[in-house]
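[1] fold the following and give me the result.
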Amino acid sequence: MAFDIKMIKGVYNRMTERVDTAKTVVGKPLTLAEKILYNHLWDGNAETAFTRGKDYVDFTPDRIACQDATAQMALLQFMQAGKSKVAVPTTVHCDHLIQAKIGADKDLQNALNTSSEVFNFLASVSNKYGIGFWKPGAGIIHQVVLENYAFPGGMMIGTDSHTVNAGGLGMIAIGVGGADAVDVMAGMPWELKFPKLIGIKLTGKLSGWAAPKDVILKVAGILTVKGGTGCIVEYFGEGAKSLSATGKGTICNMGAEIGATTSTFGYDASIERYLRATNRNEVADEANKIASYLTGDDEVYANPENYFDQVIEINLDELKPILNGPFSPDLATPVGEMTEKATKNGWPLKVDWGLIGSCTNSSYEDLSRAASVAKQAVDNHIVAKAKFGINPGSEQVRYTADRDGLLDIFKDLNAKIFTNACGPCIGQWDREGADKEEKNSIIHSFNRNFSKRADGNPNTHAFVASPSMVAAVAIAGRLDFNPMTDKLINQNGEEVMLKEPVGFELPPKGFDVKDPGYVAPIKDGSNINIIVNDDSKRLQLLTPFIPLGSEIKGAKLLIKALGKCTTDHISMAGPWLRFRGHLDNISNNCLIGAVNAFGEATNKIKNQLTGEVGAVPDVARAYKAAGVPSIVIGDQNYGEGSSREHAAMEPRHLGVVAVIVKSFARIHETNLKKQGMLGLTFANEADYDLILEDDTFNFLDLNEFAPEKQLTLEIVHANGNLDTIKLNHTYNAGQIEWYKEGSALNLIKKGNA
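    Model prediction:
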């Protein structure tokens with residue numbers, strides 16, 4: 001069944017005219033990304049050629065997807081917007097609040113027992129406002145979207161950074177904060193700086209142990225975690241056409257790890273096959289009518305250097321499997337080179353766990369390839385040295401894989417089959433012994449491997465690989481195992497060489513499922529009342545933020561973050577996920593993972609009012625209670641990682657007025673703006689070094705806040721010395737209005753009053 005087919009036909013019906021008009025205006029052939037962007041302009045047909053990396057443009061996305069952790073805050077905000085129904089198709093997916101521990105059935109029941117208040121809230125809000133609801137256990141948001149909602153040439157936004165997964169079906173799909181989603185839910189335009197374009201030409205064809213995951217692991221190694229910032233990555237070439245749709249999805253998914261706005265592939269035969277296999281013949285038929293508009297123009301791909309801002313070429317014939325990590329998803333090591341590198345860096349070579357799943361690699365194809373490796377171990381009497389955990393991507397994938405015997409193969413290796421949910425990938429893993437914080441290594445097919453992310457243990461060294469490599473390394477129990485050259489010893493003392501993995505692009509018997517887990521909203525939800533108890537520990541109705549004003553003086557330094565500071569450091573997930581709908585409670589994790597530049601400890605900062613050392617949230621609350629504003633200082637690519645807007649809302653709630661850094665990750669910078677804060681960068685990065693622990697700050701010209709105009713900050717040191725520095729910003733006129741009103745949501749409410 002194809003959801004929202006009328007909407008999809010509407011997108012396709014206007015596409016030829018809008019793209020042809022855009023070609024005339026731009027005066028040259030277009031990439032796929034440009035075709036989709038110009039087809040989704042809020043103002044209709046293009047009248048001007050937009051400048052990449054400079055012009056802010058209003059778009060009209062086709063749909064929205066929210067996962068349960070971020071949906072809480074997004075929907076709490078939407079409830080204030082004064083609308084009776086969402087303006088575009090929207091879905092909520094319950095995949096984050098299910099902890100992996102024992103196995104699917106018991107873990108799911110435990111989640112239902114402990115988070116029923118949140119699930120019931122999300123279900124009732126969805127019903128009231130016309131939102132599709134996917135029950136706990138239905139699957140991971142991005143796999144469910146790929147199977148049901150993604151369509152070539154579409155534009156969607158989602159309250160999760162890995163929304164970009166849908167690029168595997170030829171979409172422009174972008175992760176945003178909840179406030180951005182609220183704009184679109186309320187029928188307003190969605191603003192984005194027109195992205196730069198990176199073209200990645202894939203030649204050849206994958207073979208042997210190489211998998212689609214290795215393509216993005218290679219790209220991450222080339223571009224690093226910030227190399228794609230402000231860019232859309234477009235894959236093309238014969239190598240791109242040779243990949244499966246779910247393989248394309250894997251590559252797009254981890255584009256979030258290079259900071260890319262999104263990634264995408266042109267419509268081709270593999271995307272058509274996937275659409276038809278997932279009961280969307282009508283979408284495929286419609287796409288075939290305008291197929292040339294759903295990929296980049298021939299001239300673009302023939303001479304990519306003339307149309308992209310950067311071009312990278314990768315020969316899939318030569319690509320070998322890669323392991324990325326630890327602690328950063330861009331630290332790439334080709335299989336076969338790990339022994340020397342791990343020994344040099346002190347990475348534990350013994351592997352304790354192999355985890356397969358997550359939104360990145362949980363398709364039928366992924367499970368079948370990994371199962372082909374696991375079956376060799378079973379058939380050859382090889383005992384797996386590491387423990388296994390499996391998270392199927394959706395109930396449809398789980399049911400089909402179970403029907404075809406794939407899950408039984410993993411069970412023969414004593415694997416734990418967890419719920420169709422995120423689980424360990426986002427820290428929802430009750431791992432036995434993690435509290436001991438012992439140094440260890442794990443390998444997984446997830447996308448991120450930041451410190452503490454999977455199990456809360458800062459000494460867990462997590463490495464990212466393809467599902468088939470995860471299976472091989474976990475069976476061997478050694479990080480430096482190379483299945484292309486190394487042999488294993490079975491229970492009979494015999495040497496066994498693993499054969500290359502094989503898998504199925506699509507299930508040979510087709511997909512099947514009894515209950516996919518979808519609940520459609522009622523037509524008229526006006527009589528549904530949403531009740532949030534005042535004494536709830538999980539949910540809290542929002543109070544509008546008060547504007548910060550044009551006179552900020554006497555602000556104290558809260559923390560100067562040293563080095564990598566992701567949204568996981570600013571607002572941890574794991575056990576804190578239960579408070580995602582309660583701003584005051586979750587604010588108790590604000591910046592507790594950030595490394596303080598003074599002393600290089602976490603969650604230990606100086607309270608300038610008392611001289612004592614305290615936890616970051618406690619000191620922030622003390623400043624707020626005293627009426628003293630505070631400021632956060634950060635390093636490069638501040639706020640990389642998840643789209644979670646809590647990383648912006650928590651500091652705002654605790655009295656932080658400005659975050660000043662060397663550079664921002666895109667989503668986090670936008671989230672700060674949306675919450676009515678100052679997100680600023682040092683005009684001179686070396687000024688970061690001027691900031692001292694006892695500093696006080698005065699903004700000297702905030703009353704002149706204007707687009708493309710620097711702000712001036714006076715730094716008052718404890719000894720009375722002064723430094724005056726310049727700060728850059730990327731606020732346009734509309735975003736400055738968000739600041740003046742206290743938040744973007746306040747502006748929406750004002751407009752709907």
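
[2] ok, Phe388 touching Lys411?
    No. Between Phe388 and Lys411 there is no contact under C-beta atoms under 8 Å: 9.2 Å. Bear in mind the C-beta positions are built from the backbone N, C-alpha and C, glycine included.

[3] from Met73, how far out is the residue most central in space within the chain?
    Residue closest to the average C-alpha location in the chain (C-alpha atoms, centre = their mean): Ser161, at 2.2 Å. Applying C-beta to C-beta, to the nearest Å, the value for Ser161 to Met73 is 15 Å.

[4] do the same with Val502
    44 Å.

[5] who has more neighbours, those two?
    Met73 (27 against 11; other C-beta atoms under 10 Å).

[6] list the helices and strands whichever strand or helix holds that one packs on?
    Assessed by DSSP states H and E, Met73 sits inside helix 68-78. Using 3 or more C-beta pairs under 8 Å, 6 or more residues apart in numbering; DSSP states H and E, the elements in contact with helix 68-78 are strand 90-93, helix 104-129, helix 178-185.

[7] any chance of those in a markdown table, with mean pLDDT and mean neighbour count too?
    Output for the helices and strands packed on helix 68-78, formatted as a markdown table (pLDDT from 0 to 100; neighbours: other C-beta atoms under 10 Å):
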| stretch | mean pLDDT | mean neighbour count |
| --- | --- | --- |
| strand 90-93 | 98 | 27 |
| helix 104-129 | 96 | 18 |
| helix 178-185 | 92 | 26 |
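
[8] closest to Ala471 out of these?
    Closest to Ala471 of these is helix 104-129 (C-beta to C-beta; 19.3 Å).

[9] show me what that closest one is packed against.
    In terms of contacts (3+ C-beta pairs under 8 Å, 6+ apart), helix 104-129 is packed against helix 68-78, strand 90-93, strand 132-134.

[10] for the last one, what is the average pLDDT?
    It stands for strand 132-134. Taken as a whole, strand 132-134 has a mean pLDDT of 98.

[11] same deal with the longest one?
    On average, the pLDDT along helix 68-78 is 93.

[12] residues of it that come out buried?
    For helix 68-78, the neighbour count (16 or more other C-beta atoms under 10 Å) marks 68-78 as buried.

[13] export that helix as PDB, just CAs?
    What follows is helix 68-78 as a C-alpha-only set of coordinates in PDB (Å, rounded to 0.1, in the frame of the first residue of the first chain):
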ATOM      1  CA  ASP A  68       9.400   9.100  20.200                       C
ATOM      2  CA  ALA A  69      12.300  10.800  22.100                       C
ATOM      3  CA  THR A  70      12.200  14.000  20.000                       C
ATOM      4  CA  ALA A  71       8.500  13.900  19.200                       C
ATOM      5  CA  GLN A  72       7.600  14.600  22.800                       C
ATOM      6  CA  MET A  73       9.200  18.100  22.700                       C
ATOM      7  CA  ALA A  74       8.100  18.700  19.100                       C
ATOM      8  CA  LEU A  75       4.500  17.900  19.800                       C
ATOM      9  CA  LEU A  76       4.600  19.900  23.100                       C
ATOM     10  CA  GLN A  77       5.600  22.800  21.000                       C
ATOM     11  CA  PHE A  78       3.100  22.200  18.300                       C
END
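
[14] am I right that Ile530 is in contact with Ser124?
    Yes. If you go by C-beta under 8 Å, Ile530 and Ser124 touch, sitting 5.8 Å apart.

[15] quick one: residues contacting Ser124.
    528, 530 (C-beta atoms under 8 Å, 6 or more residues apart in numbering).

[16] the one 10 residues further on now?
    Taking C-beta under 8 Å, 6+ apart as the definition of contact, the neighbours of Trp134 are 91-95, 141, 144, 517-519.

[17] what's the distance between the spatially closest residue to it that is not a sequence neighbour and Gly393?
    Excluding its sequence neighbours, the residue lying closest to Trp134 (C-beta to C-beta, 6 or more residues apart in numbering) is His93, at 4.4 Å. His93 sits 11 Å away from Gly393, taking C-beta to C-beta as the criterion.

[18] hey, what's in contact with both of the two?
    139-140, 144.

[19] my guess is the residue nearest to the centre of the chain contacts Ser643. True?
    Yes. If you go by C-beta under 8 Å, Ser161 and Ser643 touch, sitting 4.2 Å apart.

[20] so what sits against both of the two?
    175, 667.

[21] coming back round to it: Phe388 and Lys411: which has the busier surroundings?
    Using other C-beta under 10 Å as the criterion, Phe388 and Lys411 rank with Phe388 on top: 22 against 15.

[22] the more buried one looks like it's in a strand, true?
    Yes. The assignment for Phe388 by DSSP: H, G, I helix; E, B strand; the rest coil puts it in a strand.

[23] next up, the contacts around it.
    353-356, 374, 410, 413-416, 474.

[24] do the same with Asp214
    Per C-beta under 8 Å, 6+ apart, neighbours of Asp214: 206, 319-322, 466.

[25] just the element for it, please.
    Going by DSSP H and E, Asp214 is in helix 212-223.

[26] to the chain's geometric centre, what's the distance from that helix?
    16 Å (C-alpha atoms, centre = their mean, to the nearest Å).

[27] can you pull out the low-pLDDT segments for the chain?
    1, 753 (pLDDT under 70).

[28] need the strands for the stretch 301-450 of the chain, in chain order.
    310-315, 322-324, 332-334, 351-356, 387-390, 416-417, 440-444 (DSSP state E, counting those that start in this stretch).

[29] tell me the secondary structure of the residue lying closest to Ser363 once chain neighbours are set aside, please.
    Closest residue in space to Ser363, ignoring its immediate chain neighbours: Thr246 at 3.7 Å, by C-beta to C-beta, 6+ apart. Under three-state DSSP, Thr246 falls in the helix class.

[30] just to check, Thr246 is in contact with Glu365?
    Yes. Counting by C-beta under 8 Å, Thr246 touches Glu365, with 5.1 Å between them.

[31] common neighbours of these two, please.
    Glu505.

[32] can you give me the strands for the stretch 501-650 of the chain?
    Using DSSP E, counting those that start in this stretch, the strands found in the stretch 501-650 of the chain span residues 518-519, 555-560, 605-606, 613-614, 630-634.

[33] and Thr203, what are its bridge partners?
    Asn315 (DSSP bridges).

[34] what sits against it?
    Here Thr203 is in contact with 237-239, 313-317 (C-beta under 8 Å, 6+ apart).

[35] now with 6 Å, please.
    237, 239, 315 (C-beta atoms under 6 Å, 6 or more residues apart in numbering).

[36] again with Asp68
    Contacts of Asp68 (C-beta under 6 Å, 6+ apart): 94, 96-97, 122.

[37] let's go with 8 Å and repeat that
    Here Asp68 is in contact with 92-97, 118-119, 122, 136 (C-beta under 8 Å, 6+ apart).

[38] do Asn391 as well
    100, 140, 355-358, 362, 418-425.

[39] try 6 Å this time
    Taking C-beta under 6 Å, 6+ apart as the test, what Asn391 contacts is 357, 418, 423.

[40] measure the residue nearest to the last one when sequence neighbours are not counted to Asp285 for me?
    In this structure, Gly423 finds its nearest non-sequential neighbour in Ala100, 3.7 Å apart by C-beta to C-beta, 6+ apart. From Ala100 across to Asp285, the span is 40 Å (C-beta to C-beta).

[41] can you check Gly563 too?
    52 Å.

[42] are any of the contacts of Phe388 buried, and which?
    Burial by neighbour count, 16+ other C-beta under 10 Å: within the contacts of Phe388 this picks out 353-356, 374, 410, 413, 415-416, 474.

[43] of these, which pair is most distant in space?
    Trp353 and Ala374 (14.5 Å).
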